[in-house]
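Trainee: Prediction below, plus the sequence it came from.
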Amino acid sequence: MVKLVRHPQTKGRETDRLSLNHRATSRLYPLDFIEIADRAAQFGEREPLWLTRAATFAGKARIFPGTTFIAGVDTIARLCDRRYYGDDTESMDRAIDSIREAGCRFLVFGRATGRGFQALGDLRLPARLLEICQEVPEPRFRYDISSTKLRRGRDG
């Protein structure tokens, strides 16, 4: 089941396509219906899958309080990287605090990088962010292939 969450910013406007933010060549671009359906298919229909235009986890936390988000260590590292907040530490702290205040958490998966496998314990995170993160142990999931390569392999 795929659902579109309408945000107050889009209230009253009709849209002809769903949009997710996807990082590519350092910029964000909207995904079309075919790409969204392809990505959603990997989850099956046992649980609902919510698509949102919220670009940040602070925004997602406002929409989905009490949620446990699934993220890779690279994403968690960006949550406490001041560059993503205009080099403003206070903005970064407010974003992390808003996620905490919404009762949200992160289930964190390690990633294979050019320097080897990186796990949650390899990151230097603020204590208040680390407190809402739970690591999935490497032996329980590790399969060294990117999600993009998985989708390409599945599609032939």
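Mentor: That came through fine. Numbering: from 1, shown residues only.
Trainee: helix/strand/coil for the residue minimising distance to the centre of the chain?
Mentor: In the chain, the centroid-proximal residue (Cα atoms, centre = their mean) is A71; its distance is 5.3 Å. Of the three states, A71 takes strand under DSSP: H, G, I helix; E, B strand; the rest coil.
Trainee: now the closest residue to it other than its chain neighbours: how far from T113?
Mentor: Spatial nearest neighbour of A71, excluding adjacent residues (Cβ to Cβ, 6 or more residues apart in numbering): F106 at 5.2 Å. Glycine gets a C-beta too; all of them are placed from N, C-alpha and C. Noted for F106: a distance of 19 Å to T113, by Cβ to Cβ, to the nearest Å.
Trainee: So between the two, which is more surrounded?
Mentor: Legend: neighbour count by other Cβ atoms under 10 Å for F106 and T113, higher for F106 (23 against 11).
Trainee: Please tell me the pLDDT value assigned to that one.
Mentor: If you check F106, the pLDDT there is 95.
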